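>>> quick one, what's the 3D model for this:
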Amino acid sequence: MLANSGYGTRSEVRKLITRGLVRVNGNVVKNIAYSVFENDKTEIGSTEVTAKTYLYYKLDKPDGYLTAMEDKRLPTVADLIPDNLKTKKLSPVGRLDYHTTGLLILTNDGELSHRLTSPKYEVQKTYLIKYEGEPLTDEHVKIFAEGFSLEDTGKKIDLKPSVLNVFEDNKCELTITEGKTHQVRRMLAKFNRSVVALRRVRIGNIVVPEDKEGILEEFTEDELQELMTALSIKR
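From the prediction side, this is the model:
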């Protein structure tokens, strides 16, 4: 269990066990053949071991963090992963820009990550937006619902229909099923509006955790099952 969970090679974890550094449910265990179960509390020193094969977490990404696992200059979301999960090969699904906040899913399940980001599965992603410029109108709502094209890179890109809800004070909510580079900002720029604050609040059935900025929160069983069913993944 320890080796498969990423806490070292079999010979390395064998040494940890025989040295008395491993506890199960509070008791030191020196027998490498001791049977453990997923619900047991296993610790190496003061670090609690996470023994699940696949892990699924949601994070309210703060402003000023890169959606990356490593950077020599700037803080990354990897800095927000607790020590007991650092060996589990968690990585973010898709990305949020440095100054974009909100929902980020982190997992070590490659199949789930692929399906969440693949245009084929049309997973809905909802954003709250604060923008500068004239207020958006019902006409814009209609244009977004019909779909339109971007040509800001010199190449025409046809966008799928999206759902725009317009609020007061130059705020709106946008739900898209794609993930093109800087897509939300580019969509509003098409109509001469500049995004000044962008926050993702939902991916599929997963919503951003409340009052837990920068803290990983594990999916509930219901959340995970609903998402797996929607993406046709069987475990």
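>>> which residues does the strand ranked longest in the chain contact?
Identified as the longest strand of the chain according to DSSP state E is strand 194-203. Strand 194-203 is contacted from outside by 93, 96-97, 99-105, 116, 123-133, 175, 184-185, 188-189, 207-208, using Cβ atoms under 8 Å, 6 or more residues apart in numbering. C-beta here means a position set from N, CA and C on the backbone, and glycine is covered the same way.
>>> so which of those are in strands?
101-105, 125-132, 175, 207.
>>> farthest pair within these?
Farthest pair in the ones in strands among the contacts of strand 194-203 (Cβ to Cβ) is 105 and 132. Separation: 29.6 Å.
>>> neighbour-wise, which of the two wins?
Between residue 105 and residue 132, counting by other Cβ atoms under 10 Å, residue 105 is the more crowded of the two (23 against 11).
>>> sheet partners, orientation included, of the helix or strand that contains residue 164?
Residue 164 is part of strand 163-166, with elements assigned from DSSP states H and E. Under the criterion DSSP bridges, strand 163-166 sits next to strand 171-176 (antiparallel) in its sheet.
>>> distance between the partner strand and the chain's centre?
19 Å (Cα atoms, centre = their mean, to the nearest Å).
>>> ok, stretch 142-153 next?
For stretch 142-153, the distance to the chain centre is 26 Å (Cα atoms, centre = their mean).
>>> same question for it, mean pLDDT?
Stretch 142-153 shows an average pLDDT of 96 in the prediction.
>>> repeat that for stretch 91-108.
pLDDT averaged over stretch 91-108 gives 96.
>>> got phi/psi on the spatially closest residue to residue 42 that is not a sequence neighbour?
Closest residue in space to residue 42, ignoring its immediate chain neighbours: residue 49 at 4.2 Å, by Cβ to Cβ, 6 or more residues apart in numbering. In terms of degrees, to the nearest 10, the main-chain angles of residue 49 are phi -90, psi 140.
>>> what's near enough to touch residue 49?
Shown in contact with residue 49 (Cβ under 8 Å, 6+ apart): 1, 2, 5, 7, 42, 43, 84.
>>> what's the closest of these to residue 35?
Nearest to residue 35 among the contacts of residue 49 is residue 1, at 9.1 Å by Cβ to Cβ.
>>> that closest one touches residue 36, doesn't it?
Yes. Counting by Cβ atoms under 8 Å, residue 1 does reach residue 36; the two are 5.4 Å apart.
>>> overlap in contacts of the two?
Common neighbours of residue 1 and residue 36 are listed as 42, 51 (criterion: Cβ under 8 Å, 6+ apart).
>>> hang on, the earlier thing: let's have the contacts of residue 49 in CSV, adding neighbour count and distance to residue 218.
Converted to CSV, the contacts of residue 49 look like this (neighbours: other Cβ atoms under 10 Å; distance: Cβ to Cβ, whole Å):
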residue, neighbour count, distance to residue 218
1, 15, 19
2, 22, 20
5, 16, 16
7, 21, 19
42, 22, 17
43, 16, 18
84, 15, 12
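>>> secondary structure element holding the residue lying closest to residue 212 once chain neighbours are set aside?
Spatial nearest neighbour of residue 212, excluding adjacent residues (Cβ to Cβ, 6+ apart): residue 60 at 5.7 Å. Per DSSP H and E: residue 60 is located in strand 56-61.
>>> now what about that strand, what contacts it?
Strand 56-61 is contacted from outside by 67, 77, 80, 85, 90, 96, 100-107, 109, 112, 206, 208-209, 212-219, 224, using Cβ under 8 Å, 6+ apart.
>>> now the residues you listed: which count as buried?
Buried members of the contacts of strand 56-61, counted by 16 or more other Cβ atoms under 10 Å: 67, 77, 80, 85, 90, 96, 100-107, 109, 112, 206, 208, 216, 219, 224.
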